[in-house]
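Engineer: sequence and predicted structure are below.
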Amino acid sequence: MEIIRTEEELTNGLIQALIKNHKENHLERYNKLYRYYKGQTDILKRKNEKNTGNKPNNTLVNNFSGYIVDIIKGYFVGKPVTYSSQNEEYLSELMEIFIANNEQDENSELAGIMGIHGRAYEIVYADANNQLRFNEIFPQQCIMVYNNNIIPEPRFAIRYYEINNIMDKNSKTHIEVYTEDEIISLEEVKREGQEAQLIEVSREEHYFGEVPVIEYQNNEERMGDFEKVISLIDAYDNAASNKLNDLDYFSDAYMYLVGYLGSEKEDIKDMKDNRIILLKEKGEAGFLVKPSNNADSEAIQDRLQNDIHKFSFVPDLSDEKFSSNVSGVAMEYKHFGLDQIVSNKERKFKTGLMKRIRLITTYINHLKNTNYDPNEIKITFNRNKPINEKERVEMVNILKDIISTQSSIDLLPMIENSQEEMERIAMEKDPYADAIKNDIDTDYILKSLEEQARHDSERQGDIND
């Protein structure tokens, strides 16, 4: 998909030209992809085009688009992204900001928007109380502009949305321009019979050190998860709808009577009411029906369904092959294509998360005069994949004398924090582990225990004497 690059000076004319280009060349695609995700596929338009009033015109929507996006999103970020660092103070401060912004839910929303539209945006900002915030933005409302470097870097970003005034038929577009050092708010006012004009409302500095808008790319081409199989989805909807139309034709079959040309409406009504037909000697009754091609229709639908899953790399989880007793190796092969898609997503998403952390860290360093380094944060993705737990436990048992205990614990899906589990194990094996963990003087405890043992021994000696 198009990457907007320019070295032109930032002017009102350039802003208006970029917004116009966005509306004319991108909005239609974004809106169609969002429609498909919600199940509003093009088959629904067939009512107005082909319905004559005499023929059945079923329009069945099979929401493969929503299924593909939701399955990939669940596999990708169904388990939260985790963060670690040797600098515990820095990590703690960063996690407080993440919790305040419901970071796990934000990541899920971004992954969904990416999966639908091929890209998603996020704005990092400080609210009225100087609290750091970040929030997702749909690509229908955002434009990222890059420079012409070999590796393009953001020059500025535009966020815009329409405000319609029904009462006086005037409308205006609210525009926010984010540069490397300031945020410019403008309004594009449209009045009847006049050209739209941009009016600057405010201009304020920010302290993020770079454009505080992040583009999360779904892939290098910035395509949605189901975008490549839209034609197959349309064909499946069409085949399913036509099949139901054929069934309706059968239910509307015409009855024929041979030798009863003189039948009146009253005769036919009596037949319907009494469920009896009195035939003449050479009379005949039957139904005219359209020959059925169910077998061909089923074959076409099966082929289309298989191709949709094949080319989107999303397995059909309703397939009997995905039974609960499938081995771990077999399951890995079934998810191989999906793993390749998600691996690419992780690399792209990590780039966005690193910029989010960088923006937040720059602001914290400016506000609190600290010297945190965003490169100290390690990001780990945790795929939400089905696991044969019995096989995993058996494997850990085999490896227990080959790898460290902590590495073995890391392999167990039911253990979320291996470090905490190691501490529990130590406490169970060593009665002084809790004291060591809490920095208690263990030498003092040992001396006290020795003194108590000597005292007990002396008492026992007195008793014996």
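Structural biologist: Everything's here; your move. Note that the structure is predicted; figures quoted are calculated from it, not measured.
Engineer: centroid residue for the protein?
Structural biologist: Nearest to the mean C-alpha position of the chain, counting by Cα atoms, centre = their mean, stands Gly112 at 2.6 Å.
Engineer: list the contacts of the strand or helix carrying it.
Structural biologist: If you go by DSSP states H and E, Gly112 is part of helix 103-117. Residues outside helix 103-117 that contact it (Cβ atoms under 8 Å, 6 or more residues apart in numbering) are 30, 33-34, 37, 68-70, 72-73, 76-77, 80-81, 119-120, 122, 134-136, 138-139, 216-218, 224-225, 345, 349, 352-353. From N, CA and C alone the C-beta is placed, and that goes for glycine too.
Engineer: can we see that at 7 Å?
Structural biologist: Residues from elsewhere that reach helix 103-117, judged by Cβ atoms under 7 Å, 6 or more residues apart in numbering: 30, 33-34, 37, 69, 72-73, 76-77, 80-81, 120, 122, 134, 136, 138-139, 216, 218, 224-225.
Engineer: pull it out as CSV, backbone CA atoms only.
Structural biologist: Taking C-alpha atoms only, helix 103-117 is exported to CSV below (Å, rounded to 0.1, in the frame of the first residue of the first chain):
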residue,chain,number,x,y,z
GLU,A,103,-1.9,-1.6,27.9
GLN,A,104,-3.0,-5.2,27.3
ASP,A,105,-6.4,-4.2,25.9
GLU,A,106,-4.7,-1.4,23.8
ASN,A,107,-2.4,-4.0,22.2
SER,A,108,-5.4,-6.2,21.4
GLU,A,109,-7.3,-3.3,19.8
LEU,A,110,-4.2,-2.3,17.7
ALA,A,111,-3.8,-5.9,16.6
GLY,A,112,-7.4,-6.0,15.5
ILE,A,113,-7.2,-2.7,13.6
MET,A,114,-4.0,-3.9,11.9
GLY,A,115,-5.6,-7.2,10.9
ILE,A,116,-8.6,-5.4,9.3
HIS,A,117,-7.0,-2.4,7.6
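Engineer: and that helix, average pLDDT?
Structural biologist: Averaged across helix 103-117, pLDDT comes to 97.
Engineer: distance of the residue nearest to the centre of the chain relative to Asp70?
Structural biologist: Counting by Cβ to Cβ, to the nearest Å, the separation of Gly112 from Asp70 is 8 Å.
Engineer: same thing with Ser84?
Structural biologist: 29 Å.
Engineer: tell me which of the two has more neighbours.
Structural biologist: Asp70 (17 against 11; other Cβ atoms under 10 Å).
Engineer: am I right that that one sits in a helix?
Structural biologist: Yes: secondary structure of Asp70 (DSSP: H, G, I helix; E, B strand; the rest coil): part of a helix.
Engineer: and it, how far from Glu346?
Structural biologist: Distance of Asp70 to Glu346, computed by Cβ to Cβ: 18 Å.
Engineer: cool, and Leu14?
Structural biologist: Separation of Leu14 from Glu346 (Cβ to Cβ): 35 Å.
Engineer: repeat that for Gln131.
Structural biologist: Using Cβ to Cβ, we find Gln131 at a distance of 29 Å from Glu346.
Engineer: the two - which one has more neighbours?
Structural biologist: With other Cβ under 10 Å as the criterion, Gln131 and Glu346 differ in neighbour count, and Glu346 comes out ahead with 18 against 11.
Engineer: contact partners for the more buried one?
Structural biologist: With contact taken as Cβ under 7 Å, 6+ apart, Glu346 is in contact with Phe381.
Engineer: check it and give its pLDDT.
Structural biologist: Glu346 carries a pLDDT value of 97.
Engineer: helix, strand or coil for it?
Structural biologist: Assignment for Glu346 (three-state DSSP): helix.
Engineer: ditto for Ile277
Structural biologist: Following three-state DSSP, Ile277 is assigned to coil.
Engineer: can you give the strand pairings for the lengthiest strand in the chain, parallel or anti for each?
Structural biologist: Longest strand of the chain, by residue count under DSSP state E: strand 154-165. If you go by DSSP bridges, strand 154-165 pairs up with strand 142-146 (antiparallel), strand 170-178 (antiparallel).
Engineer: render the CA-only coordinates of that strand in PDB, please.
Structural biologist: Extracted in PDB, the C-alpha atoms of strand 154-165 (Å, rounded to 0.1, in the frame of the first residue of the first chain):
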ATOM      1  CA  PRO A 154       8.200  10.100  10.100                       C
ATOM      2  CA  ARG A 155       8.200  13.900   9.300                       C
ATOM      3  CA  PHE A 156       4.800  14.600  10.700                       C
ATOM      4  CA  ALA A 157       1.300  13.000  11.200                       C
ATOM      5  CA  ILE A 158      -2.200  14.400  10.600                       C
ATOM      6  CA  ARG A 159      -5.300  13.400  12.500                       C
ATOM      7  CA  TYR A 160      -8.600  14.700  11.200                       C
ATOM      8  CA  TYR A 161     -12.300  14.200  11.700                       C
ATOM      9  CA  GLU A 162     -15.500  15.800  10.400                       C
ATOM     10  CA  ILE A 163     -17.900  17.900  12.600                       C
ATOM     11  CA  ASN A 164     -21.200  18.400  10.900                       C
ATOM     12  CA  ASN A 165     -23.600  21.200  11.900                       C
END
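Engineer: strands of the stretch 251-400 of the chain, start to end?
Structural biologist: Applying DSSP state E, counting those that start in this stretch to the stretch 251-400 of the chain gives strands spanning 254-258, 284-288, 378-382.
Engineer: ok now the longest strand of the chain, how far from the chain's centre?
Structural biologist: Mean C-alpha position of strand 154-165 versus that of the full chain (Cα atoms, centre = their mean, to the nearest Å) differs by 24 Å.
Engineer: what sits up against that strand?
Structural biologist: 10, 15, 18-19, 123, 137, 141-147, 171-179, 211, 213.
Engineer: ok, stretch 79-99 next?
Structural biologist: For stretch 79-99, contacts defined as Cβ under 7 Å, 6+ apart pick out 104, 107, 132, 357, 360, 364, 372, 376-382, 384.
Engineer: pull up the distance across it, start to finish.
Structural biologist: Start and end residues of stretch 79-99 are separated by 16 Å (Cα to Cα, to the nearest Å).
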